[in-house]
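S.K.: coords below, sequence missing:
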């Protein structure tokens, strides 16, 4: 199931109202992430199977006037490439390892110094 993103405009006049709106959105069924943009009075909710109408009605009852600004799908981030690992072993002529086994992985490295 694809995650959905709901942006709601909620009347939040004080810090107490912001906290109350955040708590209401956080306990709603299917919510995985909640954020508040205080300057625009927006509450952004991300999750699976969220009932936007029930969430809006609850916000109106407990906090104040609330409107749905937008509902959309969350775009997936690009997957990282799998890391390739090569085992390295040292063996003697008798077949027993003389040194410990190592695993060399090719990881993408980023250097902030250069």
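M.R.: Alright, I've got the coordinates. Because the structure is a prediction, the values reported are computed rather than measured. Numbering: from 1, shown residues only.
S.K.: May I have the beta-bridge partners of the residue nearest to residue 52 when sequence neighbours are not counted?
M.R.: Spatial nearest neighbour of residue 52, chain neighbours left out: residue 6 (5.2 Å); criterion: C-beta to C-beta, 6 or more residues apart in numbering. Every C-beta, even on glycine, is put in place using the N, C-alpha and C of the backbone. Bridge pairing for residue 6 (DSSP bridges) gives the partners residue 45, residue 71.
S.K.: what's the answer for residue 36, then?
M.R.: Note on residue 36: beta-bridge partners residue 43, judged by DSSP bridges.
S.K.: Skipping adjacent residues, who's closest to residue 12 in space?
M.R.: residue 18 (4.9 Å).
S.K.: does the one you found count as helix, strand or coil?
M.R.: Here residue 18 is recorded as helix under DSSP: H, G, I helix; E, B strand; the rest coil.
S.K.: wait, doesn't it sit right on residue 35?
M.R.: No - contact criterion C-beta atoms under 8 Å: residue 18 and residue 35 do not qualify, at 11.3 Å.
S.K.: So between those two, which is more surrounded?
M.R.: More crowded of residue 18 and residue 35, by other C-beta atoms under 10 Å: residue 18, with 17 against 12.
S.K.: residue contacts, the more buried one?
M.R.: 12, 36, 38 (C-beta atoms under 8 Å, 6 or more residues apart in numbering).
S.K.: Select from the residues you listed the one having the most neighbours.
M.R.: residue 12 (22 neighbours).
S.K.: For that residue, what are phi and psi?
M.R.: With angles defined as degrees, to the nearest 10, residue 12 sits at phi -120, psi 100.
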